[in-house]
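In: Got a predicted structure here, sequence first:
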2 protein chains.
Amino acid sequence: MTSSSSDLDPTIAERLKRNDAGLVPAIVQEESTGEVLMLAWMDDTALHRTLTTGRSTFFSRSRNSYWVKGEQSGNAQWVREVRLDCDGDTVLLKVHQEGPACHTGTRSCFDDRRLPAVVITPGAEGQR
Amino acid sequence: MTSSSSDLDPTIAERLKRNDAGLVPAIVQEESTGEVLMLAWMDDTALHRTLTTGRSTFFSRSRNSYWVKGEQSGNAQWVREVRLDCDGDTVLLKVHQEGPACHTGTRSCFDDRRLPAVVITPGAEGQR
């Protein structure tokens, strides 16, 4: 799917690989600590607004509308850096996050949500 | 969409919110540096294998098959920690990455792919 009615720079728009709903996932990372805070979705307009306003702007799939992070909660995300990945289907936002990023009140959406996983130390098995 | 034929722990499976293709995005982060390396996709089986083998396993949408990161390239991802986000629709993998994570040869899929963005320093505008 391609977007034709956004103000996004055409040289960026042509690199975007959107899903069937016209969206790409955006990973949000706290610049100062490297902590991954959340993942949300952007279309061309949300990316354009994020690049030009200094505030993270996403597209809500459930509400079918744009939202500026922190506009309701006050927990703003100030954009520090924006990157597009090698194949143009994922955005990485580095931000300065005010207060908790998660709507549950935790700093990150991944806090306290660890799954049990087998961890192998490569050296210990002497294979690689 | 729910998956019924995987070995994934049912208590984890019931928390997963998959897209229409039965997949969730998985953010991959280097544990030692916090660098975000890439994003790939998992279904229940890929998550189960990731949790039980110590190696990142994904589902390729284009090839319609599973792949173990580094199996072809030798650039293995050793799983250090796995987290599920607050609403169960995104996985965060912390890994030890051997060599470059990106198929283009860069360390991360986001290296050298910065977009021009407006950066506002909150204090400078005196609003928050």
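Out: Received the coordinates, thanks.
In: Now do the strands in chain A.
Out: A:24-30, A:36-42, A:57-60, A:65-68, A:77-84, A:91-97, A:114-115 (DSSP state E).
In: Columns mean pLDDT on top of those, output as a markdown table?
Out: Output for the strands of chain A, formatted as a markdown table (pLDDT from 0 to 100):
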| stretch | mean pLDDT |
| --- | --- |
| strand A:24-30 | 98 |
| strand A:36-42 | 98 |
| strand A:57-60 | 97 |
| strand A:65-68 | 96 |
| strand A:77-84 | 98 |
| strand A:91-97 | 98 |
| strand A:114-115 | 96 |
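In: export those to a markdown table and tack on mean neighbour count and distance to residue B:86?
Out: Using the backbone N, CA and C atoms, a C-beta is placed for each residue, glycine as well. Formatted as a markdown table, those follow (neighbours: other C-beta atoms under 10 Å in any protein chain shown; distance: least, C-beta to C-beta, whole Å):
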| stretch | mean neighbour count | distance to residue B:86 |
| --- | --- | --- |
| strand A:24-30 | 23 | 13 |
| strand A:36-42 | 24 | 8 |
| strand A:57-60 | 20 | 15 |
| strand A:65-68 | 14 | 16 |
| strand A:77-84 | 21 | 16 |
| strand A:91-97 | 23 | 15 |
| strand A:114-115 | 15 | 13 |
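In: Present those strands as CSV; the columns should include distance to residue B:48.
Out: Formatted as CSV, the strands of chain A follow (distance: least, C-beta to C-beta, whole Å):
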stretch, distance to residue B:48
strand A:24-30, 22
strand A:36-42, 21
strand A:57-60, 30
strand A:65-68, 33
strand A:77-84, 31
strand A:91-97, 27
strand A:114-115, 11
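In: Minimum distance to residue B:22: which of these has it?
Out: Residue B:22 lies closest to strand A:24-30 among the strands of chain A, at 16.3 Å (C-beta to C-beta).
In: which neighbours does the closest one have in its sheet, and in what orientation?
Out: Sheet pairing of strand A:24-30 (DSSP bridges) gives strand A:36-42 (antiparallel), strand A:91-97 (parallel).
In: what about stretch A:85-101, distance to the chain center?
Out: 4 Å (C-alpha atoms, centre = their mean, to the nearest Å).
In: first vs last residue of it, how far apart are they?
Out: 23 Å (C-alpha to C-alpha, to the nearest Å).
In: And stretch A:86-100, by the same measure?
Out: First-to-last residue span, stretch A:86-100, C-alpha to C-alpha: 30 Å.
In: what's near enough to touch residue A:66?
Out: Contact analysis of residue A:66 by C-beta atoms under 8 Å, 6 or more residues apart in numbering or on different chains lists A:45-46, A:49, A:57-60.
In: ok, what's across the strand from it?
Out: residue A:59.
In: from chain A, which residue is nearest to chain B?
Out: residue A:34 (2.5 Å; C-beta to the nearest C-beta).
In: tally of neighbours for that residue?
Out: 14 (other C-beta atoms under 10 Å in any protein chain shown).
In: Which residue, other than its chain neighbours, is closest to it?
Out: residue B:34 (2.5 Å; C-beta to C-beta, 6 or more residues apart in numbering or on different chains).
In: what's the spacing between that neighbour and residue B:51?
Out: Counting by C-beta to C-beta, to the nearest Å, the gap from residue B:34 to residue B:51 is 22 Å.
In: And the residue of chain A closest to chain B, how far from residue A:94?
Out: In this view, residue A:34 and residue A:94 are 9 Å apart by C-beta to C-beta.
In: And for residue A:86?
Out: 17 Å.
In: My guess is residue A:84 contacts residue A:12. True?
Out: Yes. Using C-beta atoms under 8 Å, residue A:84 is in contact with residue A:12, at 7.3 Å.
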